[in-house]
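Colleague: Provided below are the primary sequence and the corresponding predicted coordinates.
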Amino acid sequence: VKFVYDFTEGNKDLKDLLGGKGANLAEMTNLGLPVPPGFTITTEACKVYLDSGEEPAALRDEVSAHLAALEEGMGKKLGQADNPLLVSVRSGAKFSMPGMMDTVLNIGLSDKSVQGLAKQAGDERFAWDSYRRLIQMFGKTVLGVEGDLFEDALDAAKKAKKVTVDTELDAADLKKLVTKFKKIVKTEAGRDFPQDPREQMDLAIKAVFDSWNGERAKLYRRQERIPHDLGTAVNVCSMVFGNLGPDSGTGVAFTRDPASGHQGVYGDYLQNAQGEDVVAGIRNTVPLAELEQIDKKSYDRLMQIMETLENHYKDLCDIEFTIERGQLWMLQTRVGKRTAGAAFRIATQLVDQGLIDEAEALQRVTGAQLAQLMFPRFDEQAKVEQLGRGIAASPGAAVGKAVFDSYTAVKWSRSGEKVILIRRETNPDDLDGMIAAEGILTSRGGKTSHAAVVARGMGKTCVCGAEELEVDTKRRRLTAPGGVVVEEGDLISIDGSSGKVYLDEVPVVPSPVVEYFEGRMHAGADDADELVEAVHRIMAFADRKRRLRVRANADNAEDALRARRFGAQGIGLCRTEHMFLGDRRELVERLILADTETEREDSLKELLPLQKKDFVELFEAMDGLPVTIRLLDPPLHEFLPDITELSVRVALAEARQEPHENELRLLQAVHRLHEQNPMLGLRGVRLGLVIPGLFTMQVRAIAEAAAERKAAKGDPRAEIMIPLVGTVQELEIVREEADRVIAEVEEATGARLKLAIGTMIELPRAALTAGQIAEAAEFFSFGTNDLTQTVWGFSRDDVEASFFTAYLEKGIFGVSPFETIDRDGVGSLVKAAAQAGRATRPDLKLGVCGEHGGDPESVHFFHEVGLDYVSCSPFRIPVARLEAGRAAS
Ligand code: PEP
Ligand code: MG
């Protein structure tokens, strides 16, 4: 295998091997853009190193060969005393992990070559400043020296000279500082700072490999669900300098606004600085547009390159660049992160520009982003006290108690508090605080600062660069321009869409996207409507593409109507047990506990008209669309009085010598029916078979309701669904009785009802014998909640709170199997059952109504295995429609 690729050898599709940065540097090189020459060490080399603790044997020679070629091309040698080649060594994984891994700049400088650099650049101060940066960065990241020691020494040097910024230190000061830094390295690391440039490079490469497994990096990967076994590539790139004077500088840019999608000039520029200064938000940048005044030639070239990149990648790109004495260099590009709203807008903008087609547009957005856009926002009518305003870095409306450090954020959120993390600026050490917080507020840094980039990646609300707010982290307080002081624990609200910061809790209102789905908002001109327009168009693309139909889990007319507005094509699951809560619970209780035939029949007689009315309303709301009604499936204990409570009542009555015959009788019955594992007990079809008349009553109610709707010229399309079937015999018995009742109602009303009868597949045995079950079923609906519970043997009510955290942490699964379908286990049963069912009955209708029906990843799976529809809660319908469209394109 080959472990090293020159930038001229790779391309953008090799991200697995070269990492995102390396692949895109290669792509830009091949596009003829000005990229400083260099090479990339592959993720494969990193994996070998991480697995074995040693670099692959061939790596050293390959690096030597590529370095020699680089030196040849540049006409100078790494660390050469009179004319040194300097390189940067940068990490670069497949997925961007901002600031999580290591980078070392200025490799090749030594006591000797620093003189050569000074001569070469004609700038002694610059050379010594570069050298002290190398020792500092190398000391910290490669040799593990505490970074503060260097910072403190730098501060001391400034103090001694009575200056405040490091640019005021001259060559002599920096020379002294280098001596000091070398001493720090010697004391702390127990070795001299290496003078051999090749040794510097090799150690830096190893340090970058190691940084893959740093704590920060691991936490970030868990949060972002990035696999831990990918490894990072390492980019060795010849240095260009943005700190060679006022005609030099460094910046970041977006080809369009990552918050709104609008085209224009977006980015930040920092004159006379090195790249890391911008990302860290240490010095204040100027808007990119000002570069036009500073250096028109470079500005024009940059604009041209951005257009080339956008046309080439056919997407928003972000860019890091450096200008060295008027010469523009591209240091990085990638398809840029963006907010959810911008993703929708950009996708439609690119379609309008003719750069991508509808199918590709669907790949540019996700169901998760759509879900994010459906969150509520702050009520603009609310009376609020605005504290100030920063940059709208990541949208959303967040309310919480002010905290000023990550530790407190984590501690308070663990005890159930909602917190807003307030910092002057964030750095990678703040990561767990950012995860714990509802939102993040900083007083410094732009749209490309650490806080902004990381928050956008996490989908977390963020306002950054609110410079008018004075943040004092030591005293844990924030002071607004008007003099209002926010102390730790005070409530504040931040709006990541407008950048506004408010005192106290601001009430929230529904999002415009939800208003649109509800039919209360239509396309128009202002900012919210532009988003609605984009969502409207993307949904139309998805609806045109998708093969899966989308139904709703809904039990009443109100939910059914909402589901219809959201695009539901029917009801996939009406849980009739939800109709028996409240007042009617007692009727069911009486039915279950009935001792005599008459008692039972009385309660059934009372239930029938109530049920019928429920169904008439539902059929009316879903007129013309299928409505799957599931017969009663209660875990029995949900319908009976609590055994402990009842025992207490009986004991009390006994002690007070009050009459308690009824309670006693109830208690005895409850004891008789008490189950250790109610979820595996008398529920579903079992209940229907054991309690005579129950299912008969429900089928009659469905049939009579359908007949009534027909008589009213409606178009009811009822489907009767039997839950928790394990064997075809159960279904046959229920079916025979149901057919009889339906025929009776048809006879009595003269209506032709055409009621389909089918079953849920939610037990492994049902899945395994699906071929037989299909003999008696006109449709299957996979109940993946129970199927997951029974296939894994996980109690669905208990495990997520008990040991799933440990399982997730150990990486046994990346996400709960109750949330996303377990393709290999539960999924393979679904697939096999679907095939077996269709083999028996080719026109068998197949759907899913477990929670997975509204989960983006699971929707793709159900599409792949050829189901006809997914059914999910009304609010998830738009997400399911979108993902079904994405799956089909
Ligand atoms: C299921 O088990 O997936 C299902 C939809 O039924 P319930 O959640 O009501 O048990
Ligand atoms: Mg179930």
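Modeller: Thanks, I have it. Ligands and ions are numbered 1, 2, ... in the order given.
Colleague: next SSE downstream of whichever strand or helix holds residue 835?
Modeller: Using DSSP states H and E, residue 835 maps to helix 828-840. Where DSSP H and E defines the elements, the next helix or strand beyond helix 828-840 is strand 845-848.
Colleague: so what are the sheet partners of that next one and their directions?
Modeller: Counting by DSSP bridges, the strands paired with strand 845-848 are strand 779-782 (parallel), strand 869-872 (parallel).
Colleague: run through who's touching the first one.
Modeller: Here strand 779-782 makes contact (CB atoms under 8 Å, 6 or more residues apart in numbering) with 572-573, 628, 719, 721, 756, 758-762, 770, 773-774, 830, 833-834, 837, 844-850, 867, 871. To be clear about C-beta, it is placed using only N, CA and C from the backbone, and glycine gets the same treatment.
Colleague: and it, average pLDDT?
Modeller: Per-residue pLDDT over strand 779-782 has a mean of 98.
Colleague: quick one: distance of it to the chain centre.
Modeller: 30 Å (CA atoms, centre = their mean, to the nearest Å).
Colleague: what helices and strands are in contact with the helix or strand just after that strand?
Modeller: Later in the chain than strand 779-782, the nearest helix or strand by DSSP H and E is helix 784-792. Secondary-structure packing of helix 784-792 (3 or more CB pairs under 8 Å, 6 or more residues apart in numbering; DSSP states H and E): helix 764-768, helix 828-840.
Colleague: what does helix 784-792 contact?
Modeller: Taking CB under 8 Å, 6+ apart as the rule, helix 784-792 contacts 679, 724, 760-764, 767, 794-796, 817-818, 821-822, 825-826, 829-830, 848, 850-853, 858.
Colleague: show me what counts as buried in that helix.
Modeller: Buried residues in helix 784-792, counted by 16 or more other CB atoms under 10 Å: 784, 786-792.
Colleague: and it, how far from the chain's centre?
Modeller: Distance, centroid of helix 784-792 to centroid of chain: 25 Å (CA atoms, centre = their mean).
Colleague: i'd like the first residue to be 39 from this point on
Modeller: OK, 39 is where the count begins now, so the last one is helix 822-830.
Colleague: and it, is it in reach of ligand 1?
Modeller: Yes: for helix 822-830, a contact with ligand 1 is found by CB under 6 Å from any ligand atom, at 822-824.
Colleague: helix or strand next in line after that helix, which one?
Modeller: Criterion used, DSSP H and E; the element after helix 822-830 is helix 837-840.
Colleague: buried stuff in that following helix?
Modeller: In helix 837-840, counting by 16+ other CB under 10 Å, buried: 837-838.
Colleague: what does stretch 854-867 give?
Modeller: Quick answer for stretch 854-867 (16+ other CB under 10 Å): 855-856, 858-861, 864-865, 867.
Colleague: can you list the residues of this structure near ligand 1?
Modeller: Near ligand 1, when you scan the chain using CB under 6 Å from any ligand atom, you find 611, 613, 671, 800, 821-824, 887-888.
Colleague: all helices for the stretch 539-688 of the chain, in order.
Modeller: 550-555, 565-583, 595-603, 623-631, 635-659, 681-693 (DSSP state H, counting those that start in this stretch).
Colleague: about what we covered before: now, of the residues of the chain next to ligand 1, which are buried?
Modeller: Using 16+ other CB under 10 Å, the buried members of those are 611, 613, 671, 800, 821-822, 824, 887-888.
Colleague: quick one, phi psi at whichever residue of the stretch 139-288 of the chain sits closest to ligand 2?
Modeller: The nearest approach of the stretch 139-288 of the chain to ligand 2 comes at residue 263, 27.5 Å away (CB to the ion). Residue 263 adopts backbone torsions of phi 50, psi 40, taken as degrees, to the nearest 10.
Colleague: what about the closest residue to it other than its chain neighbours, which SS state?
Modeller: Sequence neighbours aside, residue 852 is the residue nearest to residue 263 in space, at 5.6 Å (criterion: CB to CB, 6 or more residues apart in numbering). Judged by DSSP: H, G, I helix; E, B strand; the rest coil, the three-state class of residue 852 is coil.
Colleague: any idea how far residue 852 is from ligand 2?
Modeller: 25 Å (CB to the ion, to the nearest Å).
Colleague: over to that residue: give its phi and psi.
Modeller: Dihedral angles (degrees, to the nearest 10) for residue 852: phi -80, psi -20.
Colleague: count the neighbours of it for me.
Modeller: If you count neighbours by other CB atoms under 10 Å, residue 852 ends up with 12.
Colleague: same check, this time on residue 454
Modeller: 6.
Colleague: got it, and residue 445?
Modeller: Neighbours of residue 445 (other CB under 10 Å): 13.
Colleague: residue 668 reaches residue 610, doesn't it?
Modeller: No: counting by CB atoms under 8 Å, residue 668 stays clear of residue 610, with 9.7 Å between them.
Colleague: can you tell me the SS state at residue 158?
Modeller: Per three-state DSSP, residue 158 ends up helix.
Colleague: repeat that for residue 290.
Modeller: Residue 290 is classified as strand under three-state DSSP.
Colleague: residue 192: which of the strands paired with strand 883-886 is closest?
Modeller: Smallest distance to residue 192 across the strands paired with strand 883-886 (CB to CB): 56.9 Å, for strand 907-910.
Colleague: grab the nearest non-local neighbour of residue 166.
Modeller: residue 212 (3.8 Å).
Colleague: meant to ask about residue 584
Modeller: residue 922 (3.8 Å).
Colleague: for the one you found, pull up the helix or strand it's in.
Modeller: Going by DSSP H and E, residue 922 is in helix 915-925.
Colleague: so which elements touch that helix?
Modeller: helix 396-401, helix 405-411, helix 565-583, strand 587-591, helix 894-902, strand 907-910.
Colleague: how about 6 Å then?
Modeller: helix 405-411, helix 565-583, strand 587-591, helix 894-902 (3 or more CB pairs under 6 Å, 6 or more residues apart in numbering; DSSP states H and E).
Colleague: can you name the next helix or strand after the first one?
Modeller: Once helix 405-411 ends, the next helix or strand along the chain (criterion: DSSP H and E) is strand 415-416.
Colleague: minimum distance to ligand 2, which residue of the stretch 339-488 of the chain gives it?
Modeller: Closest point on the stretch 339-488 of the chain to ligand 2, by CB to the ion, is residue 405, at 23.6 Å.
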